[in-house]
Each structure stands twice: as C-alpha cells, then as structure tokens.
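> predicted model follows, preceded by the sequence.
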Amino acid sequence: MEEEMEHRVAERVYLGSMSLVTNQGFSIEENWSNLLSGGDDNWSAISSHDSTYPIGKIDRERFSNLISERGFVDLSLLEQLLCYVISDVIDKGDKLFNRDQCRLIISTTKGNIDLLVSHSVEEDEALFLDNMAQRVSERLGFKRRPMVISNACISGVSALIVGSRLLEAGEEESVIVAGGDLISDFVFSGFDSFKSLSPNVCRPYDVSRDGLTLGEGVGAILLTRQRDRSSGIVILGGSISNDANHISGPSRTGDGLALAMDRALQESGILREDLSFVNMHGTATLFNDEMESKAMALCGLQDVPVNGLKGYIGHTLGGAGVVEVILCAKQLKEDLLLGTHGYQECGCPVPLSLTANNQKLVMSSCLKTASGFGGCNAAIVLAKDTCEAPLKDLKKNKVRAVSSCTINNGQVYKDGLMAFQADAQYPQFIRAAFKSLDAPNMKFYKMDDLSKLGYVAASFLLLDQSLPTDETAIVLWNHSSSLDTDIKHQESLTGQQASGASPSVFVYTLPNIVIGEIAIRFGIKGENNFFIQADEDDSAEVYATNLLVYGRFRYVIVGKCDYLNGKYSANLKLLTI
Amino acid sequence: MDELILTFKQQLIEALNLEELTPDDIDTDAPLFREGLGLDSIDALEIILILEKQYGIRIENPGESKSIFYSVRTLTDYIVANRK
C-alpha cells in the first residue's frame, strides 16, 4: 500500500493582523503597555452572597463609546465585541480582503448565555452558539458559514489548531479565528460553587496561590497562507489530547498535557532546547499548576523559561487561547518575556524557570498550552516567520468506516441493525439501554442527559473494539451545545425553587464533557474537539476525516450527539485508515 | 444518631445521584472516596453543600478536612459536634 500513498507539502500558516480587547485595554498596544507595568489598576470586583472576588472586566462604557458609530447596537454585547475585533483585523489587513472567501471560526464556551436569565431557548435563537456566530458573520458581510468550537477552556487554542490545519492542507485561503466569553452570573456562580476562585488576583505557580481569577477577553487573529500578510509570526504545529482521568480535576501526573506538548513540538520541527519560552495555562488553582509543572518535566522542558498571563487578565475561558496566543506573538516580536504577575516563590512539585519580572530575551519560537474541564489539553507552537522550519509532508490516507451507532426514538442501531429498543421516556430508555450493555458504572447515574446519550452511543459503537488509546481521536458536534443542562443550572440560580449553584450540574454546562466521559470510559487520550453546528453542516465530519487522511490519528470517533428538552439524537461513526 | 445516619445517607443518595443505591447499601464506616462508593472531588463539593444547607456547617477547604470526609460515620460525628 505504501507506494499508493499520496503526499502533499503543507502550506505555511502565518498569523496576519490581530485584535484584542481585555480588562487591560482595547488594542494590542494598550494591552501591551499596561501589561509591561503590571496593569494592577484594571481590576473590578464581583460578589457572591458571602464573598467578593476580583474580576478582569471589559470596560462597558468605553466600549459603547468606541462602538457607537458602527451600528451594531441591536447585537448582544459579546456579538458586538466579536464584530469589533473581527472588523479591526479586516481593517488592519489589506484592501483586497475577501469576505466571500474567508472562513470565520468562533471559539466560545457560553456565548450569549446571559440571555437565559430572561429568555427561553424557544424564544431566542441567539442562545444557540452557531446562531450567534451566524449573526456576527452576516453582520460583517461574510458569505461562508462560520464554524464554532466549544471545547471548554482550550476552545481558543483548539480553534487556532483547526484553522491552521484547514490552511495547511490547502482547503482554505484565509481564516479568521475569533474567541471570547463574558463573565455572567451563570459562569461566576458555577466557579464559586467549585470553590475555585481566589479572593485576590490570582498568583500562578506561587506557593500561596489559592485559586483562579475570572477575566473577560475577546480576540481575533487572521490566519493566512500569504507571506505578504504575515505579522511576522507562523504557527508550526499543534496538538490536542485528553487525560482520560476526570471530568473536572486535572490529571495527577500531567501525562495528558505532556502528550499534547510533545506532539505539537514534534510536528513543529522545533527542538526543545531551541524553544524561547513556554506560555502555560497557569490558572493558579492548586492542582492545575501542579499538573502543568509535572507535564513540563515529562517533556524535559523544566529549564525553558515559562510564564503565565492570568495575573494580568484573569482566566478568559473560551477566549483564553486566542487572547493569550496574541500576547505570545507580541512577546516574540518584542523579544520580551512578560513576567508571571503575582508570582514570588515556587509552589509546584517541579521547579520551573519562572520570574515575576519582564525579561529581554532574543526569541525565535514558543509553545503555548491550555487545559480544561473534560480532561482536555492543547498545545500550539509559534515562531518568527524568519525561522527555517521545514514544511511538513502531509501523506494522504484512505479512510474507511469500521462501525456506526444511531440512537433515536427509543431505538439503538448498531451497524444498521437494531441493537436495543424500549418504548419509554428518555430517562428510562437511556438507563435501560445502558443496563443492556451489562457494564455497570456508578458514574453513569451522575452524568447529565447529553453525556448519558454519548456514553451509551459510544459504548455500543465500540463493542468488541480494542483501540490504540493514544492514536484515537473523538470529534463530536451538535446544535444545542449543553443548553439542556445550562437551563438546569440557570434554574438553580434564578428559578422559582432556586437553591444555588450545584457543582455536579455546573460541570456539565460544557458540551465537551460528554467527550471526557467517553475518554475516561475507554481510556482514549487522542484529540478531542467539539463543534457546534446545524444538522446540514458537515464541517466536523470533514475535519475528523482529515485527522485520518493526514495521518494524525489511526481511529476517529465522529458524529452528532444532541440533547435538549427531552429530544435526543446520536449518530456516531468509528473511522480508521 | 441512627436517625441522623439514615437521613444523611438519603441526602447523599439524592445529592450525588447514587440512583442505584439504598441507604442500606452504604456502609456507615467504609471510606467514601476512591474505595467504597468511589466518590470524587465534585462529590466532595456536593457534600460540602449538604453540610452548609442542611446543617449550617461551613467547610472552606475539603482538602484540609480529609478525616471528616472519610466515611458517613466521621461526617455524621462532625455534624453532631458542629451543627447549628
């Protein structure tokens, strides 16, 4: 078969113009100058019933003045911010920018979730993330259907990896990746119930760190194959992995993150000793930072300079990857490594090369990581476009289907044949289908309805399969994200019988948690990605198939998994080369 | 005390979605985490909420309270000693 294999040389992927809005300002330059001096004046406060926390809030008043003449007023605040950064990216680019051709990729965890306080999902289509992206896309005159990646706190890095692969394979001419989330009561109360918020601005990796600080950030980056549009920075590689360990707790070993970092580095062709710095996720929770230091050691990177940026801007959730990659690109261009603000004394099991001070360094490349709920990790390698890294050779494999599983209307079909049926409402039906598998697991009963659906579908799909766990990816998609559980969480806050946020509900208010549950059950540690899209959109399927075509994985589980208000539909396929 | 243990087990089953279990299935003295019921960090947060809402007891850091969270027995002893 070897001689039949087709090859193609990958295209170079340049970061073009970029735009950034955070608590530290409304442009990259303003952010940069505030970060250089620590930005301590740019924090606001947010209170729960018994505590007050700092928060990196985007200045509403300044933004409304900035945007007043642009005519976005009928859009939600997040939509306006996305329009603002995307327009800024286009305006900074050349006049030939082609909106008919450019593909928009939005990364967000919760989109317009604040609308849920007063609107039902039946009343307001803007609650659906793909509709939100469409509203932004149409308003800016884009012609193509936008993509949405909602992959917890690695959403932004995931979206950049997805975008760069589309360009690298020559499937798109240009892509704009825009990411963002705002801090609503919905999100704040959830993190508060997790007891993961620090009463002071967070202190990544420090011995006295006691939790994370939430922040708001919206950023956009043009990805292009044209060198003359380059900002001077390229993406050389990226990788996503899963811990297959726990849906909210970081791995105790760091092996999942280390897998993503190793693979990203390998793909980039950059030697670890040549890396100028590593920008970590650095949430400043006890276990996250501990895990990251172990991952650095597993990758043999403990001597490479490291920093974390959340002491300046907080944790910007679905925007974090885009926001922090923009700041990594800026550090590379300025040959200046920002200090880890708030850091004083190492509080991690593996000592890292960390300092609170800004340092002038001659730079060539960096690795940026992210980790999130659902056990997901992502890593991406950036370099100056003067670097000599060879272009990748993309082999082209043929892809075939191994098995399928469909769950609809009280019936489970495996490979086209009825495998189980029960004439019952969803809770009874899915429980009976689970029991028919004869594989007891107490955790099943703790899952939300979306996760139960995906878990049972994957269990039927993988009956009698033994998969190479590091070589298997999971790419799922739906239209409703985690809205069904989002509604339950919102009711616990503002419903008639509101009893306060519950951690075991809040953790499921991310669509990719179902992937985490499947990964834990089957030990799958390869890429995991969640797309939000309409039924007629085949973006996720094409992307998943290409993971095999270009030899990134040997098996991919791909398909739809959707649950909202008692309506359910799963359709998974196992593909291989 | 027996009544408190029974009530507490019912509250655990409800809050932690231990759907397949009855209070009799939960060994009062067995470890709750990892072994035994195999509870995890999210369950620990839910138990903190039970202590707060049902018994008026606040625990800020479950990591520092491992001995309290060991079993139903240690938790109910703690409730008896600290309830308001």
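Yes, it's here.

> contact partners for A:Asn377?
A:Ile154, A:Ile240, A:Ser241, A:Asn242, A:Asp243, A:Gly256, A:Leu257, A:Leu259, A:Ala260, A:Thr369, A:Ala370, A:Ser371 (C-beta atoms under 8 Å, 6 or more residues apart in numbering or on different chains). Where you see a C-beta, it was placed from the backbone N, CA and C, and this is true even at glycine.

> just the pLDDT for the residue nearest the centre of chain A.
Compute the mean C-alpha point of chain A, and by C-alpha atoms, centre = their mean the closest residue is A:Ser155, 1.3 Å away. On the pLDDT scale, A:Ser155 is placed at 98.

> on the three-state scheme, it is what?
Under the three-state scheme (DSSP: H, G, I helix; E, B strand; the rest coil), A:Ser155 adopts helix.

> would you agree it is in contact with A:Thr108?
Yes - using C-beta atoms under 8 Å, A:Ser155 is in contact with A:Thr108, at 6.5 Å.

> common neighbours of these two, please.
A:Gly179, A:Gly318, A:Gly319.

> of those residues, closest to B:Leu21?
Nearest to B:Leu21, judged by C-beta to C-beta, of the shared contacts of A:Ser155 and A:Thr108 is A:Gly318 at 36.5 Å.

> what ranges does chain B have for its helices?
B:2-15, B:41-55, B:72-82 (DSSP state H).

> mean pLDDT and distance to chain A added to the ones you listed, as JSON lines?
Output for these, formatted as JSON lines (pLDDT from 0 to 100; distance: least, C-beta to the nearest C-beta, whole Å):
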{"stretch": "helix B:2-15", "mean pLDDT": "95", "distance to chain A": "8"}
{"stretch": "helix B:41-55", "mean pLDDT": "93", "distance to chain A": "4"}
{"stretch": "helix B:72-82", "mean pLDDT": "94", "distance to chain A": "16"}
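
> which one, of those, ends up nearest to A:Val323?
Closest to A:Val323 of the helices of chain B is helix B:41-55 (C-beta to C-beta; 27.7 Å).

> what are the buried residues along that closest one?
By 16 or more other C-beta atoms under 10 Å in any protein chain shown, the buried positions in helix B:41-55 come out as B:Ser41, B:Ile42, B:Asp43, B:Ala44, B:Leu45, B:Glu46, B:Ile47, B:Ile48, B:Leu49, B:Ile50, B:Leu51, B:Tyr55.

> wait, the fourth one touches B:Phe69, no?
Yes - between B:Ala44 and B:Phe69 a contact is recorded at 6.2 Å, counting by C-beta under 8 Å.

> okay, the contacts of A:Asn377 in CSV with neighbour count and secondary structure next?
Formatted as CSV, the contacts of A:Asn377 follow (neighbours: other C-beta atoms under 10 Å in any protein chain shown; DSSP: H, G, I helix; E, B strand; the rest coil):
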residue, neighbour count, secondary structure
A:Ile154, 31, helix
A:Ile240, 28, strand
A:Ser241, 30, strand
A:Asn242, 29, strand
A:Asp243, 26, coil
A:Gly256, 23, helix
A:Leu257, 30, helix
A:Leu259, 23, helix
A:Ala260, 31, helix
A:Thr369, 28, strand
A:Ala370, 29, strand
A:Ser371, 30, strand
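
> which of those lies closest to chain B?
Each of the contacts of A:Asn377 was checked against chain B using C-beta to the nearest C-beta; the closest is A:Asp243, at 13.4 Å.

> residues in contact with the helix or strand bottoming out on mean pLDDT in chain A?
Least confident element among the helices and strands of chain A, by mean pLDDT, DSSP states H and E: strand A:6-9 (a mean of 81). For strand A:6-9, contacts defined as C-beta under 8 Å, 6+ apart pick out A:Ala169, A:Gly170, A:Leu391, A:Lys392, A:Asp393, A:Leu394, A:Lys395, A:Lys396.

> neighbours of the residue lying closest to the second one once chain neighbours are set aside, how many?
In this case it means A:Gly170. In space, and not counting its chain neighbours, A:Gly170 is closest to A:Glu11: 5.6 Å by C-beta to C-beta, 6 or more residues apart in numbering or on different chains. Here the number of neighbours of A:Glu11 (other C-beta atoms under 10 Å in any protein chain shown) works out to 21.

> and what of the one 3 residues further on?
Around A:Tyr14 there are 23 other residues, counting by other C-beta under 10 Å.

> verify the assumption that it is located in a helix.
No - A:Tyr14: not assigned to a helix; according to three-state DSSP it is strand.

> what residues are up against B:Tyr55?
Applying C-beta under 8 Å, 6+ apart to B:Tyr55 gives the contacts B:Ile79, B:Asn82, B:Arg83, B:Lys84.

> nope, A:Trp477 is what I was after
A:Trp477 is in contact with A:Phe530, A:Phe531, A:Ile532, A:Gln533, A:Ser539, A:Ala540, A:Glu541, A:Gly559, A:Lys560, A:Cys561, counting by C-beta under 8 Å, 6+ apart.

> swap in A:Val412?
A:Cys405, A:Thr406, A:Met418, A:Ala419, A:Phe420, A:Gln421, A:Ala433, A:Val456, A:Ala457, A:Phe460.

> and for A:His315?
Taking C-beta under 8 Å, 6+ apart, we find A:His315 in contact with A:Cys153, A:Cys202, A:Leu212, A:Thr213, A:Leu214, A:Gly215, A:Thr283.

> now those: which count as buried?
A:Cys153, A:Cys202, A:Leu212, A:Thr213, A:Leu214, A:Gly215, A:Thr283.

> what residues does chain A have near chain B?
A:193-195, A:246-249, A:286, A:442-443, A:445-446, A:499-500, A:502-504, A:507 (C-beta under 8 Å from any C-beta of the partner chain).

> hang on, the earlier thing: can you list the contacts of A:Val412 in TSV and add pLDDT and distance to A:Ser480?
Shown next, in TSV, are the contacts of A:Val412 (pLDDT from 0 to 100; distance: C-beta to C-beta, whole Å):
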residue	pLDDT	distance to A:Ser480
A:Cys405	98	19
A:Thr406	98	18
A:Met418	98	26
A:Ala419	98	25
A:Phe420	98	24
A:Gln421	98	24
A:Ala433	98	20
A:Val456	98	18
A:Ala457	98	16
A:Phe460	98	22
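
> buried only: go through the residues you listed for me.
When those are checked for burial by 16+ other C-beta under 10 Å, the buried set is A:Cys405, A:Thr406, A:Ala419, A:Phe420, A:Ala433, A:Val456, A:Ala457, A:Phe460.

> ChimeraX command for the buried members of the contacts of strand A:6-9?
In ChimeraX syntax, the buried subset of these is picked out as below (16+ other C-beta under 10 Å):
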select /A:169,392,394
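
> in the contacts of strand A:6-9, find the pair that's most separated.
Spatially, the most separated pair among the contacts of strand A:6-9 is A:Leu391 and A:Lys396, at 15.5 Å (C-beta to C-beta).

> output the below-cut-off pLDDT ranges for chain A.
Across chain A, the ranges flagged by pLDDT under 70 are A:1-5.

> please parse it into its domains.
A:9-373, A:396-576 (automatic domain parsing).

> which one is A:Ser239 nearest to, not counting chain neighbours?
Going by C-beta to C-beta, 6+ apart, A:Ser239 has A:Arg263 as its nearest residue, at 3.6 Å.
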